[in-house]
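Visitor: the amino acid sequence is not available; the structure is as follows:
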Ligand SMILES: [Zn+2]
Ligand SMILES: [Zn+2]
């Protein structure tokens, strides 16, 4: 089908730390105050202006899997700060803070769940955890999730929200690209389907490895998909990115994804995909 | 290395039927009369204007392999005119004529030879035989050549000069694309190197199959490389091909070939390539 | 012989009468039944004597079932997959997951589009390198997920354009052929409308090749052959005959395995019935192929293409 | 500590004196020998105390042996192969056949160019999607022909441009990583100069990873890290230190297998000697790898990358 030009991407970044006021959230796009409960019912889309709010891993999982079906399989691992990294603040402190504010051990949550009755192994990134960056722990969780999918012969679903590699773990973070690709090779050999959902943002090292190698790749409407960010591009090359650059529909037009799905339809879309894949892997 | 823009392709088509005057040939580009012997010593390049003359398969082989090393392995096969095809003239008559004027049974000559001492199995097309078109016999010869290369564990060299499929054998010609690709799969599995040399012209069905699947692809300077000819493109789409379109250097700039080689250097270039490949296939 | 124009005129008249019945409530049931009988008889007569050129025209009929519309009738739950992952997505060559007879399959098909705008975007079903690269990607995906591959072919040929050449349309077609030949999963190709040269064979090197009764499969368009060999544009009907592009001829030659019958008058007369026959045939062939061990299936496929047309050669005289 | 500028000044002086000797025939042998000794001592002193930032600057030194010039010194009979077969040939990522210690190999390397024009075309060694697609093609070719793969890495990173993004630079890098991990042949990567993030790891997932003493390998440039984490462009030297981008640190971390020593003062002081050490090391590692059964080699490679950095995790507290 020809691409509908009027179907413009919309997206807005909002305040990430919402723990402070549990009852309502302010839309960063139109300024509207929205009750959290109301927002949740509306797939975290601003009821006034349609802007998408960031989702935590927990909220994303709740929005995708059947109620009560989720089982957390996240490995009980934390980064050991292998480089004893410190910039203006020690990495160890940043980790502690991120753990405290998110309740997570790192940027990836792994679990088992059902989508309209169909089993999946999920790995969901949480952008609040140091920008959804992939360090050793995230790489480990992703590889583990794929190994579980192979073992249980259940499709693997990866929901991406990442700015790239975890700088504070240096080359060890870079190597997580290799780790996740290696695990993905085993998944592919086993014939287990791998579905990626790219959201805002899906860039950097995660995109230049596991996230680009899915069997079926969906972009959530509003997603940002690429390797280098527009600022780096402009600074390094002087090129001015065109309007809509790296957004979901742009990615679709350039053959990078199989489809663009509005957030409120994502769950049904995945159910539709899992239904057609029923019986895969075979045997 | 950046591509030197001044290194322009030069090529000219000349009278194909030269049997009639055995001693000299007229250059179609500058009109010069050149003694055949002199032309031969000059790699069939016009000594006055540098235009390339068409080469018969025999001339091409003589120009490439060590003197006395060539052994003709061409299968004793002829087309049986499976469609009983006739246009303004019966295909059977065209075949008879082509056989008579070329002394060949069809458009491909197969043989064993050495290039500066290194063994190859060659398949060389002769453009005089119904435009170097690939019909059943040509497909058979090519598949056979590759099977010989696998058997003898010797690199396969394919010198292309073809306008495409043999129209007079209909879909059976089209299927030779599949046949040659199937045989090439066996060659690849065996780890036997496959080198293609594209000359003027390398277009149509041969290019959309075997000729595009070499391990190393060289273009003779002046080659024409593509799928659809400029006339078809202009008629169908109204697009005006840019200067140099589909010529060797253009193909190099667009990543379609590994190198462009002047005719007089082709033999040494192949020797250099075979030297670096010494010991391949291994075992 | 019954003339196509007469049939068309009668079809139009019957349609007008039906509208009359609907609008004004005139009872013409008996008259209509008689006319319908006459039409069927004419169609039968015409159909028996179809020339290859008639088939070329039927294969190109604007109402012929093809593309997405046909795939949706043949398969259930079509889930489109898009993009070559290298900068493009070609609407003229599409594909995706689907279910066929209770099992998941991968389908690939040429698409020409319905709306004017879509037709322009699809360039009459002439696909670009990005289309063939997407096809090769989905073939590999089919193999990875152990999904049988079903292709639906309907193209005048690959797109002959400057950018298509620059992006190596020849190499993209060659890659499709090589990939399709190398698959471990069962593969079936259906030639629906026009099977035009390289652009068609890129999707046609299957374990089984099926062909609709009035589809064509040819190395060059009849018009192209007429221009090149007859030096006469009006010789296209003769060229069509000479090229052996019809399903019955290709069945005889062993190029196709089965001719799928069309409704009387052509597939466009009843797209749904056409789709159901295609569907039944696909399910049958897939079941047969699935029953073979992988090695055997691959060996048979290799032999089929390795020996394609070999009967058309003879020992050199003398 | 001995200052780099002092060393440079002394080097220049010695060069001037030599020219004097050549031109005017003045006999300054003794004086020159003394000066050379002094220079070596200064270099030794400077070298012992090299900071990571010093190494970053050495890795970027314009005279550093790299690209085609180095490959030609390390290997014999280099035969370049070009093109991605899809529309492009990137001069910033090159490759081809070569011989190394009597055996044929496939080599891939970043190239920055010598002439101004070439340097512009190579974009400082930042490769495009077409470069990485060519690399993946040549990796597959290496596997087909059973040729060991040797890669030489020297790039600030993949090219961050609009068209590179449109043609899926991320996917092209991912494809390289996946392809290189899947090869049956032995693979060795040598980090020569800058090993910059995704553009480097695309060629670095080898059985053995070697690194020149003053090369760097990092997830982000020190300048980038300084800007993002320190919010201070001048913090690059601290960032370099923190990122653990030096060969000795990476050897400690198990990321690289061997640090290849450079001539005193850096590889640029003696490119030929550098090349010979690289060559010897490659031959040794390739021989070791070749001695392993394929399955074992592939298993070891898989384990290496599957477990990369796993020591850097700990059980969750509580
Ligand atoms: Zn709002
Ligand atoms: Zn001349």
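Guide: Ah, there it is. Remember, predicted model here, so these are calculated numbers, not experimental data. Ligands and ions are numbered 1, 2, ... in the order given.
Visitor: ok, the residue lying closest to residue C:163 once chain neighbours are set aside to chain A distance?
Guide: In space, and not counting its chain neighbours, residue C:163 is closest to residue C:128: 7.7 Å by CB to CB, 6 or more residues apart in numbering or on different chains. To be clear about C-beta, it is placed using only N, CA and C from the backbone, and glycine gets the same treatment. In this view, residue C:128 and chain A are 11 Å apart by CB to the nearest CB, to the nearest Å.
Visitor: my read is that residue C:128 contacts residue C:166, right?
Guide: No. Counting by CB atoms under 8 Å, residue C:128 sits too far from residue C:166 to count as a contact (10.9 Å).
Visitor: who in the stretch 51-200 of chain C is up against chain D?
Guide: The stretch 51-200 of chain C comes close to chain D at residues C:85-87, C:129, C:133, C:166-168, C:171-172, as judged by CB under 8 Å from any CB of the partner chain.
Visitor: what touches both of residue C:128 and residue C:166?
Guide: Residues touching both residue C:128 and residue C:166 (CB atoms under 8 Å, 6 or more residues apart in numbering or on different chains): there are none.
Visitor: what residues does the strand or helix carrying residue C:46 touch?
Guide: Under the criterion of DSSP states H and E, residue C:46 resides in helix C:29-48. For helix C:29-48, the external contacting residues (CB under 8 Å, 6+ apart) are C:1-4, C:6-7, C:10-11, C:13-14, C:17-18, C:21, C:264-265.
Visitor: ok, and does stretch A:261-278 reach over to chain C?
Guide: Yes. Where contact is defined by CB under 8 Å from any CB, part of stretch A:261-278 touches chain C, namely A:272-273, A:275-278.
Visitor: on that earlier part again, show me which of the contacts of helix C:29-48 are buried.
Guide: Neighbour counting by 16 or more other CB atoms under 10 Å in any protein chain shown classes C:2, C:4, C:7, C:10-11, C:14, C:265 among those as buried.
Visitor: quick one: which of those is nearest to residue A:145?
Guide: If you rank the buried ones among the contacts of helix C:29-48 by distance to residue A:145 using CB to CB, residue C:265 comes first, at 56.1 Å.
Visitor: the closest one belongs to a helix?
Guide: No. Under DSSP: H, G, I helix; E, B strand; the rest coil, residue C:265 sits outside any helix and is assigned coil.
Visitor: tell me the contacts of residue 168?
Guide: With no chain named, the answer covers chain A. The contact partners of residue A:168, taken as CB under 8 Å, 6+ apart, are A:81, A:83, A:85, A:87, A:91, A:94, A:130, A:135, D:229.
Visitor: looking at chain C here, not the other one
Guide: Applying CB under 8 Å, 6+ apart, the residues contacting residue C:168 are B:212, B:254-256, C:129, D:85-87.
Visitor: can you name the residue of chain C nearest ligand 1?
Guide: Per CB to the ion, residue C:82 is where chain C lies closest to ligand 1, at 30.5 Å.
Visitor: go ahead and confirm that residue touches residue A:252.
Guide: Yes. With contact defined as CB under 8 Å, residue C:82 counts as touching residue A:252 (6.7 Å).
Visitor: okay, the two: which has more neighbours?
Guide: Between residue C:82 and residue A:252, residue C:82 has the larger neighbour count (other CB atoms under 10 Å in any protein chain shown), namely 24 against 21.
Visitor: ok, that one to residue B:93 distance?
Guide: 50 Å (CB to CB, to the nearest Å).
Visitor: what about residue C:56, which helix or strand?
Guide: If you go by DSSP H and E, residue C:56 is part of helix C:52-59.
Visitor: which strands and helices lie in contact with that helix?
Guide: If contacts are counted by 3 or more CB pairs under 8 Å, 6 or more residues apart in numbering or on different chains; DSSP states H and E, helix C:52-59 sits against strand C:216-218, helix C:236-243.
Visitor: recalculate using a threshold of 6 Å.
Guide: Packing partners of helix C:52-59 (3 or more CB pairs under 6 Å, 6 or more residues apart in numbering or on different chains; DSSP states H and E): helix C:236-243.
Visitor: what does the helix or strand that comes right after the helix it packs on rub up against?
Guide: As assigned by DSSP H and E, the chain's next helix or strand after helix C:236-243 is helix C:247-252. Contacts with helix C:247-252, where a contact means CB atoms under 6 Å, 6 or more residues apart in numbering or on different chains, come from C:211, C:213, C:215, C:217, C:256, C:259.
Visitor: among those, which two are most distant?
Guide: The widest separation within the contacts of helix C:247-252, taken as CB to CB, falls between C:213 and C:217 and amounts to 12.4 Å.
Visitor: those two: which has the busier surroundings?
Guide: Taking other CB under 10 Å, residue C:213 and residue C:217 do not tie; residue C:217 has more neighbours (29 against 21).
Visitor: identify the residues contacting the more buried one.
Guide: Taking CB under 6 Å, 6+ apart, we find residue C:217 in contact with B:171, C:191, C:195, C:245, C:250.
Visitor: same check, this time on residue A:192
Guide: For residue A:192, the contacting residues are A:149-150, A:281, by CB under 6 Å, 6+ apart.
Visitor: point me to the residue of the stretch 151-300 of chain C nearest chain D.
Guide: In the stretch 151-300 of chain C, the residue that lies nearest chain D is residue C:167 (4.3 Å; CB to the nearest CB).
Visitor: give me the pLDDT value at the closest residue to residue A:244 other than its chain neighbours.
Guide: Spatial nearest neighbour of residue A:244, chain neighbours left out: residue A:250 (4.8 Å); criterion: CB to CB, 6+ apart. Note on residue A:250: pLDDT of 95.
Visitor: one more: residue A:2?
Guide: In this prediction, residue A:2 carries a pLDDT score of 32.
Visitor: burial count for the residue nearest to residue A:80 when sequence neighbours are not counted?
Guide: Once flanking residues are discounted, residue A:80 sits nearest to residue D:314: 4.4 Å by CB to CB, 6+ apart. Applying other CB under 10 Å, we find 14 residues neighbouring residue D:314.
Visitor: name the helix or strand for residue D:314, please.
Guide: strand D:313-315.
Visitor: just to revisit the earlier point, wait, the residue nearest to residue A:244 touches residue A:243, no?
Guide: No. Applying CB atoms under 6 Å, one finds residue A:250 not in contact with residue A:243, separated by 9.0 Å.
Visitor: between these two, which is the more surrounded one?
Guide: residue A:250 (25 against 7).
Visitor: which residues touch the residue most central in space within chain C?
Guide: Centroid-nearest residue in chain C, with CA atoms, centre = their mean: residue C:192, separated by 2.0 Å. Residues in contact with residue C:192 (CB under 6 Å, 6+ apart) are C:66, C:152, C:154, C:212, C:215.
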